[in-house]
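Participant: Mind looking at a prediction? Sequence and model below.
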Amino acid sequence: MGVYDGELRTVTSCEPCPEGTFTAEANQTSCADWYRCSIAEQLVTAGTSTTDATCEPRLIGSGDDVAAYALVATEDGLWVAGTNESEGFVSTVSFDGLEEVVLTIADARPTELALVGGDTLVVAGTIESDVFLRRLTLTGDELWAVRFGSDETDYVAAVAEGPNDSVYLAGGTGGDLDGAGAGPFVRQYDATGNLLQNIVVDGPYLSDMTANKEGAIYLTFATADPDGRVSSFLRALDEDGVPVWEVGPEELGCRECSELFATADGDLYVAGRNLGDFGGDPDTGPASDVSLARVAPSGEVRWKSIVSYAPSDVVEALVVTDDGAQVFGSTYLDSGSESLAEAIAFRFGPDGEQLSLELREGPEHDQIQAATATPTGDVFVAGITATSGQLFPFVRHAFVVAWPPTPP
């Protein structure tokens, strides 16, 4: 596939909510939110009151630092995980915009969610410098919990459902877990929380993982050369953790491959950034093109597609439906004396054809962190909007929104 040369489609540009415009009833689905806009029946805010008529966010816990990092969907609603200043949270969000906090974890940063068995949820992240994994009912009741760590900083990259309602947890450690030394790992837990296997992975930084119910595991890694240039690759493991095949960045089209999605037919979608021109010197190509590849279960790359838009596109999420794939992230555009992060989506057809770009312009920094699709194919995204004029320090709020958001 070539470089996208179609028209940029701006979804909407929003102004602050006029004071007194919205009633308490309307506020449940229209206000308080992403750029404090009116997006009728589309927009809800994680960690925000849905009954106040003031359009002012009320954060979970306390303070002005709320973020959403992970999102999953069923036919009944959405589940979002994130943080505020003092704790991590998991909330349910109904399709009519009502939110309920079902779990809080002190001093934790939950960054990964997955549905397991259709009726339970696993949430993973870090607490202090350790890794945690919890399995919950869809109403937030805890079924079991695991916490482990080394004497150094550990991280979580992904969680995924495995065979027989088992759970895969992927991450890495800077210390020593179970005598295996520093580096990436994949752990598998059974339906009741018992450790089935700890796979020591030979590789650099592990950026994402997915798996299927037959036990195949797929991992993306990122490494850097002495000059700091990033390079990524995709590796498949069998159910025992033995490497089966590996695909490099030239075949995938991304030097920084950060997002994986496994389809029901066994194919993989790999999204990331092409940090340079593969046909020549990596320093002479576009600064940060967005790429998407579709890979067969055998490791054959069916197609790859590269979109050039802005100098600094960042890929954060990937979702695939029957209509094709959408890659979400942020693009940094100059606005006066500073660069604003704008939420952006790249839409691809089933055969990799580049269909459209969807840009969400607004007065704040906005970053999509996660995306999901309902069983009927409706797409939702979650992320962060920073309400100050700079990235650090900032006041930030979390959002969940149907995509593409449409003006009333």
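Facilitator: On my side now, so go ahead. Numbers count the residues shown, from 1 in each chain.

Participant: what residue ranges in the stretch 101-250 of the chain score low on pLDDT?
Facilitator: Along the stretch 101-250 of the chain, the parts satisfying pLDDT under 70 run over 179-182, 228.

Participant: how about the strands in it?
Facilitator: Counting by DSSP state E, counting those that start in this stretch, the stretch 101-250 of the chain has strands at residues 108-116, 120-127, 130-137, 142-148, 154-161, 167-173, 183-189, 195-200, 205-211, 217-224, 230-237, 243-247.

Participant: Residues contacting the second one, please?
Facilitator: It refers to strand 120-127. If you take CB atoms under 8 Å, 6 or more residues apart in numbering as the criterion, strand 120-127 is touched by 69-70, 72, 79, 81, 88, 90, 103, 105, 107-116, 131-138, 143, 147, 154-156, 159, 165, 167, 169. In short, each C-beta sits where N, CA and C put it, glycine included.

Participant: redo that, cut-off 6 Å
Facilitator: Strand 120-127 is contacted from outside by 79, 81, 90, 107-114, 116, 133-136, 156, 159, 167, 169, using CB atoms under 6 Å, 6 or more residues apart in numbering.

Participant: same thing with the third one?
Facilitator: Contact with strand 130-137 is made by 120-124, 142-149, 154, 156, 169, 171, as judged by CB under 6 Å, 6+ apart.

Participant: Buried only: go through those for me.
Facilitator: Buried by 16 or more other CB atoms under 10 Å: 120, 121, 122, 123, 124, 146, 148, 149, 154, 156, 169, 171, out of these.

Participant: so what does the helix or strand hosting residue 371 touch, helix or strand wise?
Facilitator: If you go by DSSP states H and E, residue 371 is part of strand 365-373. Applying 3 or more CB pairs under 6 Å, 6 or more residues apart in numbering; DSSP states H and E, one finds that strand 365-373 contacts strand 67-73, strand 313-321, strand 324-335, strand 338-348, strand 379-386.

Participant: most neighbours per residue, which of the ones you listed?
Facilitator: Among the helices and strands packed on strand 365-373, the stretch with the highest mean neighbour count (mean count of other CB atoms under 10 Å) is strand 379-386, at a mean of 26.

Participant: among the contacts of strand 120-127, which ones are buried?
Facilitator: By neighbour count, with 16+ other CB under 10 Å, the contacts of strand 120-127 hold 79, 81, 90, 108-114, 116, 133-136, 156, 159, 167, 169 as buried.

Participant: Can you list the neighbours in contact with the strand holding residue 371?
Facilitator: Contact with strand 365-373 is made by 69-73, 316-317, 319, 321, 328, 330, 340-341, 343, 379-386, 391, as judged by CB under 6 Å, 6+ apart.

Participant: again, only this time at 7 Å
Facilitator: Strand 365-373 is contacted from outside by 34, 68-73, 316-319, 321, 326, 328-330, 340-343, 360, 379-386, 391, using CB atoms under 7 Å, 6 or more residues apart in numbering.

Participant: Endpoints of stretch 222-230, how far apart?
Facilitator: Distance across stretch 222-230, first residue to last, is 7 Å (CA to CA, to the nearest Å).

Participant: Centre of the chain to it, how far?
Facilitator: When C-alpha coordinates are averaged (CA atoms, centre = their mean, to the nearest Å), stretch 222-230 and its chain have centres 23 Å apart.

Participant: quick one: buried residues of that stretch?
Facilitator: Neighbour-count burial for stretch 222-230 [16+ other CB under 10 Å]: 222, 230.

Participant: Who are the contact partners of the closest residue to residue 94 other than its chain neighbours?
Facilitator: Of all residues not flanking residue 94 in the chain, residue 77 sits nearest, at 4.9 Å (CB to CB, 6 or more residues apart in numbering). Residues in contact with residue 77 (CB under 7 Å, 6+ apart) are 92, 93, 94, 95.

Participant: now with 10 Å?
Facilitator: Residue 77 is in contact with 92, 93, 94, 95, 96, 98, 99, 100, 138, 374, counting by CB atoms under 10 Å, 6 or more residues apart in numbering.

Participant: do residue 247 as well
Facilitator: Shown in contact with residue 247 (CB under 10 Å, 6+ apart): 220, 232-236, 257, 268, 270, 293, 295, 299-301.

Participant: and which of those is nearest to residue 403?
Facilitator: Checking the contacts of residue 247 against residue 403 by CB to CB gives residue 270 as the nearest, at 20.7 Å.

Participant: count of neighbours near the closest one?
Facilitator: 29 (other CB atoms under 10 Å).

Participant: Also residue 296?
Facilitator: The tally of other residues near residue 296 (other CB under 10 Å) stands at 12.

Participant: Can you tell me how far residue 127 is from residue 270?
Facilitator: Noted for residue 127: a distance of 30 Å to residue 270, by CB to CB, to the nearest Å.

Participant: Run a quick neighbour tally on the spatially closest residue to residue 217 that is not a sequence neighbour.
Facilitator: Nearest residue to residue 217 in three dimensions, chain neighbours excluded: residue 237, at 4.2 Å (CB to CB, 6+ apart). Residue 237 has 20 neighbours, counted by other CB under 10 Å.

Participant: Thanks again, I'm all set now.
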